[in-house]
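Visitor: Structure, please.
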Amino acid sequence: MKIPIPIKKMSLFFILFLIISCNDSVEKKSITKNDEVSTETKEDTVPKKDKPNTPEKNAVKKWNANATEAQIKFSVKGPFGTVHGNLSGLKSTILFDKDNLAASSIRASTDPKSISTGIKLRNRDLQKEKYLNSDTYPSISFHSDKIQKSGTGYKAVGDLTLKGVTKRIEIPFSFSEKGNTGVFKGSFAIQRQDYGIGKPGGSIGSTITIDLEVPVTR
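Guide: You can find the predicted model right below:
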């Protein structure tokens, strides 16, 4: 049986179309594969950025206070001259490094019931509500939030809490270091009425001066 001429032409056209389609498909696969290889190669050759090295902060020295030898002295004008006294039982956490003041800090507290003026009757009187009210407020504390260089020494800036009242103060101090030992010395003044100690005016001075000397080891 003879195939008509038009049908022959159609068959030939269809075969050619199949051949071209197959070739295009093979070329596309080849291009895609080459692109994948190229991308992988490019990723492998791009250097990875290392994380920048951040220098570690210098370790701040921790000093342990010798509470039995620590001196917390105060003085205030009284009706018969200046009254001197002291407090004991110091508790503290001292982190101090003259080369790393930004990370240094001081926390300290003492018990108002430890007050001593040399006269037992006056000591008991100072525990009463109108003065220290030590039954209600059993701690006098200081917490620095920054330590700075100041003149030939330093100053601790922070909060002093006394008789339930917190005020921001500055404590100028010096520090002498010898090996694993050292001594902190400081002095500052407060206004007793800021903390509700005693009545305004009268025979008691308005300013209380506090002197500190704290031997430490590490």
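
Visitor: Hmm, residue 159 and residue 145 touching each other?
Guide: Yes: the pair formed by residue 145 and residue 159 meets the contact definition of CB atoms under 8 Å, at 7.5 Å. The C-beta positions use only the backbone N, C-alpha and C, and glycine is treated the same way.

Visitor: With only the CA atoms kept, save stretch 194-206 in PDB.
Guide: The C-alpha coordinates for stretch 194-206 follow below in PDB (Å, rounded to 0.1, in the frame of the first residue of the first chain):
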ATOM      1  CA  ASP A 194      18.700  64.000 105.200                       C
ATOM      2  CA  TYR A 195      18.300  60.700 106.900                       C
ATOM      3  CA  GLY A 196      15.900  61.700 109.700                       C
ATOM      4  CA  ILE A 197      18.500  61.400 112.500                       C
ATOM      5  CA  GLY A 198      17.400  63.500 115.500                       C
ATOM      6  CA  LYS A 199      15.500  66.700 115.400                       C
ATOM      7  CA  PRO A 200      16.500  69.700 113.300                       C
ATOM      8  CA  GLY A 201      18.700  72.300 115.000                       C
ATOM      9  CA  GLY A 202      19.300  71.900 118.700                       C
ATOM     10  CA  SER A 203      22.600  71.100 120.400                       C
ATOM     11  CA  ILE A 204      23.500  68.400 117.900                       C
ATOM     12  CA  GLY A 205      25.500  69.400 114.900                       C
ATOM     13  CA  SER A 206      23.900  68.900 111.400                       C
END
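
Visitor: now what about that stretch, what contacts it?
Guide: Contacts to stretch 194-206, defined as CB atoms under 8 Å, 6 or more residues apart in numbering, come from residues 76-79, 130-132, 162-163, 165, 167, 191-193, 208.

Visitor: pLDDT score assigned to the closest residue to residue 198 other than its chain neighbours?
Guide: Using CB to CB, 6 or more residues apart in numbering and skipping the chain neighbours, the partner closest in space to residue 198 is residue 204 (5.3 Å). You'll see residue 204 listed with a pLDDT of 93.

Visitor: ok, residue 145 and residue 159, which is more surrounded?
Guide: Relative neighbour count places residue 159 above the other of residue 145 and residue 159, with 13 against 10, counting by other CB atoms under 10 Å.

Visitor: The more buried one touches residue 146, doesn't it?
Guide: No: Residue 159 is beyond contact range of residue 146, at 11.5 Å (criterion: CB under 8 Å).

Visitor: Can you tell me the strand partners of the strand or helix carrying residue 106 and which way each runs?
Guide: Assigned by DSSP states H and E, residue 106 belongs to strand 105-110. Next to strand 105-110 in the sheet, as set by DSSP bridges, lie strand 91-95 (antiparallel), strand 140-150 (antiparallel).

Visitor: need the ones you listed in CSV with distance to residue 119 and mean pLDDT, can you?
Guide: Listed next are the strands paired with strand 105-110 as CSV, based on distance: least, CB to CB, whole Å; pLDDT from 0 to 100:
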stretch, distance to residue 119, mean pLDDT
strand 91-95, 26, 98
strand 140-150, 20, 97
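
Visitor: Kindly reformat the ones you listed as JSON lines containing distance to residue 173.
Guide: Below are the strands paired with strand 105-110 laid out as JSON lines (distance: least, CB to CB, whole Å):
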{"stretch": "strand 91-95", "distance to residue 173": "11"}
{"stretch": "strand 140-150", "distance to residue 173": "9"}
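
Visitor: If anything else comes up later, I'll come back, but that's it for now.
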